[in-house]
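Participant: structure, please.
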Amino acid sequence: MDTTPVDLSHLFEQLGLDSNDKAISQFIDNHTIGADLAIWQADFWTPAQAGFLKESLEMDANWSELIDLLDTRLRK
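Facilitator: All right, here's what the predicted structure looks like:
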């Protein structure tokens, strides 16, 4: 059983990104997803990050809700 906490900072850790509050805010401020793209299709993800996001959403994994939250925040 996976006991990793499911919050935005841990999602960023899973993606291999800085996970402190300031880094998360800067990432969200500096990146935008177009209306015609799924979150995992954005050009700023590495192939591994995009794969994680896509697979998590397809499997409705524990991360899905946070990925949806991040998706919303990236569509300014």
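Participant: mind listing what the closest residue to A35 other than its chain neighbours touches?
Facilitator: Leaving aside its sequence neighbours, A35 sits nearest to R75 (Cβ to Cβ, 6 or more residues apart in numbering; 7.0 Å). Where C-beta positions appear, they are placed from N, C-alpha and C, glycine not excepted. Counting by Cβ atoms under 8 Å, 6 or more residues apart in numbering, R75 touches T32, I33, A35.
Participant: repeat that for A61.
Facilitator: Listed by Cβ under 8 Å, 6+ apart, the contact set of A61 reads E55.
Participant: gap between it and F52?
Facilitator: A61 sits 9 Å away from F52, taking Cβ to Cβ, to the nearest Å as the criterion.
Participant: just I24 next, same as before
Facilitator: In terms of Cβ to Cβ, I24 sits 17 Å off from F52.
Participant: check N20 too.
Facilitator: Distance of N20 to F52, given as Cβ to Cβ: 20 Å.
Participant: with A42 instead?
Facilitator: According to Cβ to Cβ, A42 and F52 sit 13 Å apart.
Participant: look at the two and report which has more neighbours.
Facilitator: When A42 is set against F52 and neighbours are counted by other Cβ atoms under 10 Å, the residue ahead is F52, at 20 against 17.
Participant: which ones are touching that one?
Facilitator: Here F52 is in contact with Q14, L15 (Cβ under 8 Å, 6+ apart).
Participant: buried ones in stretch 65-76?
Facilitator: Of the residues in stretch 65-76, L66, I67, L70, D71, R73, L74 count as buried by neighbour count, 16 or more other Cβ atoms under 10 Å.
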